[in-house]
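Chemist: Here is a sequence together with a model predicted from it:
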Amino acid sequence: MISINEAISFIKNNVKALSQSTIKKVEKAGGYELFEDVLSPINMPPFRQSAMDGYALNLHDSLSYKLIGEVKAGDEHKLELKQGEAIRIFTGAAVPDSANAVMMQEKVELNDNTITIAHQVTPEINIRPLGEQVNTGDIALKKGTKLTPAAIGYLLSLGITEVSVFKKPNIAIVTTGNELISPGQELSHGKIYESNSKMLLSALYNLKFYDVTLYKVEDDYNKTVETLNTALNNNDLVLITGGISVGDYDFVGKALGELEVEELFYKVKQKPGKPLFFGKKNNTNIFALPGNPAAALSCFYVYVYIALQQMMHRDTLELPRITATASNSFQKKGDRPQFLKGIYGNGKVKILDGQNSSMLQTFALANALVFAPEDITDIKLGDEIEVILLPN
């Protein structure tokens, strides 16, 4: 049995970033990282552009200008201004090459076809120059840039419709257990509704990992070997829930051994989630999570999350950890470090009741995990404690 820090180190040292690329429509590339530099196909803006509603001027010494026309955003006609002439112009419209300043409308007095400006202005004021953001052929976004909504909008504004991005992992979720039935079926004696697969699926979707396949296998050794073999051969990451302990009908560990999966660690000194397995076969990473749902989800956030970020070339691998003030007292049972469900806000965290690894009701309310080291037995009101902030 290894420590939490040792388990995290094993994951960081053994999970490799994916090297394959895929082409995505820009509007569907949110959350991906660019596989290569993106060069701008155009100047942005592609013309000298008015930064506000007002009047474009061909400057001269007088404060009065002859008004000769108008240009709205989207107009394609080009007006030629002589010195001392002006046109009405609107935000985003193309500024004529012969204009060298835009005066905001609030500082202009209009009398028939003549305008008077409040004061002399600096040349090029209120004009966005050609290529102010980026020039044709320049790097618009560098390789590795995460495509946020702003990045998506920026690429689309350059007329780019497709990009090459780092491929996200194909992920398998394998659930085991004869006692599991799908929600919606009649609940007969001895059966429970299966929730782990869709719970983990939701956690993955929340992190924008969508290439997920669900597998269900009964407590049968040969079927377990067959299902795991299929999952290992078709995915970059395999998450297994249940069957990893040492009961008579827990076949996962033995099946992984027959499939020649390299065991990197098994069992972590922690609560919940002691029977956690991490291994590899070729380029596929395997986590066998505990069957108890709260334990499985805790292990997902503490360990699987790191593997996902590392596979995606991200610099920040772990969820944010902060120090918070305990808003209630709590007595920890046992000598193992524990991840306790809590509610964090405004620098304080409340440790919730109902910390059993089989119970999700408390987890449903939590937005944080409180880390209680092995040398702490009692958490008192006002104590400073470490908190892991959960996504969203």
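Modeler: Sure, I can see it.
Chemist: bridging residues for F330?
Modeler: Judged by DSSP bridges, the bridge partners of F330 are I379.
Chemist: which stretches of the stretch 251-392 of the chain have low pLDDT?
Modeler: Within the stretch 251-392 of the chain, no stretch has pLDDT under 70.
Chemist: what about the helices in it?
Modeler: All helices of the stretch 251-392 of the chain, identified by DSSP state H, counting those that start in this stretch, fall at 252-258, 293-299, 305-311, 361-365.
Chemist: Restricting to C-alpha, output the first one in PDB.
Modeler: Which is helix 252-258. This file holds the C-alpha atoms of helix 252-258, laid out as PDB (Å, rounded to 0.1, in the frame of the first residue of the first chain):
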ATOM      1  CA  VAL A 252     -10.900  -7.600 -12.300                       C
ATOM      2  CA  GLY A 253      -7.400  -7.900 -10.800                       C
ATOM      3  CA  LYS A 254      -7.000 -11.400 -12.000                       C
ATOM      4  CA  ALA A 255      -8.300 -10.500 -15.500                       C
ATOM      5  CA  LEU A 256      -5.900  -7.600 -15.700                       C
ATOM      6  CA  GLY A 257      -3.100  -9.900 -14.900                       C
ATOM      7  CA  GLU A 258      -4.000 -12.400 -17.600                       C
END
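Chemist: my read: K216 touches S197, true?
Modeler: Yes. Using CB atoms under 8 Å, K216 is in contact with S197, at 7.4 Å. C-beta here means a position set from N, CA and C on the backbone, and glycine is covered the same way.
Chemist: give the contact list for the residue lying closest to F300 once chain neighbours are set aside.
Modeler: Spatial nearest neighbour of F300, excluding adjacent residues (CB to CB, 6 or more residues apart in numbering): A203 at 5.8 Å. Residues in contact with A203 (CB atoms under 8 Å, 6 or more residues apart in numbering) are L297, F300, Y301, P391.
Chemist: Buried ones only from the residues you listed, please, as a PyMOL command.
Modeler: For the buried members of the contacts of A203, the matching PyMOL selection, counting by 16 or more other CB atoms under 10 Å, is:
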select buried, resi 297+300+301
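Chemist: Between the contacts of A203, which sits nearest E374?
Modeler: Using CB to CB, Y301 comes nearest to E374 of the contacts of A203, at 19.7 Å.
Chemist: Hmm, L369 and the closest one touching each other?
Modeler: Yes. Counting by CB under 8 Å, Y301 touches L369, with 6.7 Å between them.
Chemist: where do the contact lists of the two overlap?
Modeler: I388, L390.
Chemist: What spatial separation is found between D53 and V174?
Modeler: From D53 across to V174, the span is 61 Å (CB to CB, to the nearest Å).
Chemist: now R48
Modeler: 60 Å.
Chemist: the more surrounded of the two?
Modeler: Ranked by neighbour count (other CB atoms under 10 Å), R48 and V174 place V174 first, with 28 against 21.
Chemist: quick one, phi/psi of the more buried one?
Modeler: phi -110, psi 120 (degrees, to the nearest 10).
Chemist: so what's F265 bridging to?
Modeler: Legend: beta-bridge partners of F265 under DSSP bridges are F278.
Chemist: from memory it sits against E6, does it?
Modeler: Yes. With contact defined as CB under 8 Å, F265 and E6 form a contacting pair (7.3 Å).
Chemist: These two - which one has more neighbours?
Modeler: When F265 and E6 are compared for neighbours, F265 comes out ahead with 17 against 13, by other CB under 10 Å.
Chemist: where do the strands sit along the stretch 101-250 of the chain?
Modeler: For the stretch 101-250 of the chain, strands defined by DSSP state E, counting those that start in this stretch occupy the ranges 101-104, 108-111, 114-117, 127-128, 139-141, 162-166, 171-176, 180-181, 192-193, 212-217, 237-241.
Chemist: what mean pLDDT does the third one have?
Modeler: This means strand 114-117. Averaging pLDDT along strand 114-117 yields 98.
Chemist: Centre of the chain to stretch 71-85, how far?
Modeler: Taking CA atoms, centre = their mean, to the nearest Å, the mean C-alpha location of stretch 71-85 is offset from the chain mean by 45 Å.
Chemist: who touches it?
Modeler: 56-60, 62, 64-69, 87-99.
Chemist: Could you give the number of residues near D75?
Modeler: Count around D75 with other CB under 10 Å applied: 14.
Chemist: Likewise for N113?
Modeler: N113 is flanked by 10 other residues according to other CB under 10 Å.
Chemist: swap in N170?
Modeler: Neighbour tally, N170, other CB under 10 Å: 17.
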